[in-house]
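Enquirer: My questions concern the predicted model and sequence given below.
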Amino acid sequence: MRNMIKTSCPGLFLALMAAAVLKAAPNDWAEGSADGSDGATRDYYNRAGLLEWKNFMGDWRDAADRAQGERPYATASITDDDAQKPVAWDATPLVREWLAGKHPNQGFFLRTVGGGSIVFASRECDQADLRPRLVITGGKGTVTLEPEADTYLTASTYRSQGTAEELRVSGGAGPALLRFDLAPAERLGPGVTAELRLVTTKQYGQATIGLFRCAQGHDRPPSEPIQGLAARYPGDRGIAQDPQVIFFTGFESEAWADEWTRAAPEDMIYTVAADPARKFEPLRGKALRAKLAEGSNTALNTLLKFAQVTGAEPEEVFFRYYLRLGDDWNQTVQGGKMPGISGTYGVAGWGGRKSDGRNGWSARGAFHQTVPPGNPLAGLHPIGTYCYHADMQGYYGDHWLWTKGYRGFLENNRWYCVEQYLKLNTPGEKNGILRAWIDGRPAFEKTDIRFRLVDRLKIEQIWMNVYHGGKKPSPYDQHLFIDNVVVAKQYIGPMKTGK
């Protein structure tokens, strides 16, 4: 059941939201917090996770199950008489579909099908009798529900409006979104009726507003991990001898740093077999612990240069490592960099040194700010790619989160198998490939990247980097753990357990 929290005191409301953990689906739109940086906007249904609408200003389906269709489930006509008054929609057909499991309950989508703009009171309104209600009646009684989230979208700003005391449905394109927890209605029996009730406080012209259903995001069907060459080596034992493997380390040797071209910073990286303070549990034996210290930016800056390992630089490579975010990992200030693949040659592709296709490139991993409380993805840590490439517009790299299957949103205190594949483009062509898998399941794919314009740029190195920023340092000590790094010529896949 979704949690329902309501109070007429805005300060108390925000405090309760911060403490709550909503049992929401990962593809639910986010209402957002007071600063407007993390909720649904004109571009995103969840700005904190950089999860985009398929269509500018929101995705919906109509009563005929058509995407962006024009046949509403119900309509309500509102006159412009400057009066405060109730407005109701017969939500019975849609609520019955939700209760029957025909569609996921992602909320109501209210949009004009004719006329001007109407202002309604939201769930944040300090007058309780003006707030939205969903009244559902069945053979076993009636329940009156308050929305667990509501917001409206506007094209005039990139910020979310979820904590406003009003909902606007605009004559141009701006919709209002409301989501209710329907669990209490399940005890009412079959054949329920439902009415959505709002109160309009202002009208700017007469309008007819249609009721549609929100339909954003994508499904996350269960899937088995895709196995690779690691499946032949339980526990990764013996994987280093596979002819397709270029490099392997499990950080078991005291001289592990000698396996790399460079291992740094020495005072921030240690191998550990136990760390109960950060709820560490080993993957297999020792792991590398990287410390992002309070007031610092760099936790790990370790390199594996292919020219020194194999005598040649490849044009495609698979890179897999195991990652565990410590119990103290929580990004509240800024995102940063994670391990990845690069060809900077000490010239360009990092730190504002813009790539132009001739001087260098990089595709490091990335972490973003932890998703805040009250969000459907609250407490998870988004990861992705931070890429300097030939078509970048600014001086700093582009961020691509790994959102497929919502797999790039990680928990604390859990090991993840993270794998990346990079194939350089034909010089000048937009056919470079970057793929990522989490625990052997696809999390990202982009096949039109132009890393380079000249043939002399290759894959120079694996860049094991953990960096806070940007420029802002970590506000407190944070730790992560890395283990079982494999670099290979073919897909590696997750480690097989067993003897």
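Expert: Arrived safely, thanks for sending.
Enquirer: nearest spatial neighbour of residue 394, skipping sequence neighbours?
Expert: Distance criterion C-beta to C-beta, 6 or more residues apart in numbering; nearest residue to residue 394, sequence neighbours excluded, is residue 354 at 7.5 Å. The C-beta positions use only the backbone N, C-alpha and C, and glycine is treated the same way.
Enquirer: Looks like that neighbour contacts residue 348 (just checking).
Expert: Yes: Residue 354 is within contact range of residue 348, at 6.5 Å (criterion: C-beta atoms under 8 Å).
Enquirer: Now list whatever residues contact both of those two.
Expert: Common neighbours of residue 354 and residue 348 (criterion: C-beta atoms under 8 Å, 6 or more residues apart in numbering): residue 388.
Enquirer: Who has more neighbours out of the two?
Expert: Each of residue 354 and residue 348 has its neighbours counted (other C-beta atoms under 10 Å); residue 348 has more, 21 against 16.
Enquirer: what bits of the stretch 1-150 of the chain have low per-residue confidence?
Expert: By pLDDT under 70, the weakly predicted segments of the stretch 1-150 of the chain are 1-23.
Enquirer: mind listing the strands for it?
Expert: 44-46, 51-52, 60-61, 74-78, 85-90, 108-121, 133-138, 141-145, 149-152 (DSSP state E, counting those that start in this stretch).
Enquirer: CSV for the ones you listed, including distance to residue 245 and mean neighbour count?
Expert: Output for the strands of the stretch 1-150 of the chain, formatted as CSV (distance: least, C-beta to C-beta, whole Å; neighbours: other C-beta atoms under 10 Å):
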stretch, distance to residue 245, mean neighbour count
strand 44-46, 38, 25
strand 51-52, 35, 22
strand 60-61, 48, 23
strand 74-78, 61, 17
strand 85-90, 61, 15
strand 108-121, 51, 21
strand 133-138, 57, 19
strand 141-145, 57, 14
strand 149-152, 48, 26
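Enquirer: can you put these in CSV and add distance to residue 33?
Expert: Shown next, in CSV, are these (distance: least, C-beta to C-beta, whole Å):
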stretch, distance to residue 33
strand 44-46, 12
strand 51-52, 16
strand 60-61, 24
strand 74-78, 30
strand 85-90, 28
strand 108-121, 20
strand 133-138, 24
strand 141-145, 23
strand 149-152, 11
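Enquirer: quick one: which of the ones you listed is nearest residue 340?
Expert: strand 51-52 (21.9 Å; C-beta to C-beta).
Enquirer: Pairing partners for the longest strand along the chain, with directions?
Expert: Ranked by number of residues, the top strand in the chain under DSSP state E is strand 193-214. Strands adjacent to strand 193-214 in the sheet, as given by DSSP bridges, are strand 60-61 (antiparallel), strand 74-78 (antiparallel), strand 85-90 (antiparallel), strand 108-121 (antiparallel), strand 133-138 (antiparallel).
Enquirer: Tell me which of these approaches residue 430 most closely.
Expert: strand 60-61 (32.7 Å).
Enquirer: which residues sit against that closest one?
Expert: Residues from elsewhere that reach strand 60-61 (C-beta under 8 Å, 6+ apart): 67, 68, 69, 103, 109, 111, 175, 212, 213, 214, 215.
Enquirer: re earlier: return the set of buried residues in the longest strand of the chain.
Expert: 194-196, 198-201, 203, 207, 209-214 (16 or more other C-beta atoms under 10 Å).
Enquirer: now stretch 151-162
Expert: For stretch 151-162, burial by neighbour count (16+ other C-beta under 10 Å) applies to 151, 152, 153, 154, 159, 160, 161, 162.
Enquirer: For residue 195, which residues are in contact?
Expert: If you count contacts by C-beta under 8 Å, 6+ apart, then residue 195 has 88, 89, 90, 91, 92, 134, 135 around it.
Enquirer: would you turn those residues into JSON lines with distance to residue 146?
Expert: Output for the contacts of residue 195, formatted as JSON lines (distance: C-beta to C-beta, whole Å):
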{"residue": "88", "distance to residue 146": "16"}
{"residue": "89", "distance to residue 146": "16"}
{"residue": "90", "distance to residue 146": "19"}
{"residue": "91", "distance to residue 146": "15"}
{"residue": "92", "distance to residue 146": "19"}
{"residue": "134", "distance to residue 146": "8"}
{"residue": "135", "distance to residue 146": "11"}
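Enquirer: so which of these comes closest to residue 408?
Expert: Comparing the contacts of residue 195 against residue 408 with C-beta to C-beta places residue 134 closest, at 33.5 Å.
Enquirer: residues touching that closest one, list them.
Expert: 91, 95, 144, 145, 147, 180, 194, 195, 196, 197.
Enquirer: Specify the beta-bridge partners of it.
Expert: Beta-bridge partners recorded for residue 134 (DSSP bridges): residue 145, residue 196.
Enquirer: again with residue 78
Expert: Beta-bridge pairing for residue 78 (DSSP bridges): residue 207.
Enquirer: distance of it from residue 88?
Expert: Noted for residue 78: a distance of 11 Å to residue 88, by C-beta to C-beta, to the nearest Å.
Enquirer: what sits opposite residue 483 in the beta ladder?
Expert: The partner list for residue 483 in beta bridges (DSSP bridges) reads residue 322.
Enquirer: One more: residue 141?
Expert: Taking DSSP bridges, one finds residue 138 as the beta-bridge partners of residue 141.
Enquirer: Provide a list of residues in contact with residue 372.
Expert: 18, 33, 38, 48, 378.
Enquirer: burial of residue 192, as a residue count?
Expert: For residue 192, the count of nearby residues is 20 (other C-beta under 10 Å).
Enquirer: I misspoke; the intended subject was residue 43.
Expert: Count around residue 43 with other C-beta under 10 Å applied: 15.
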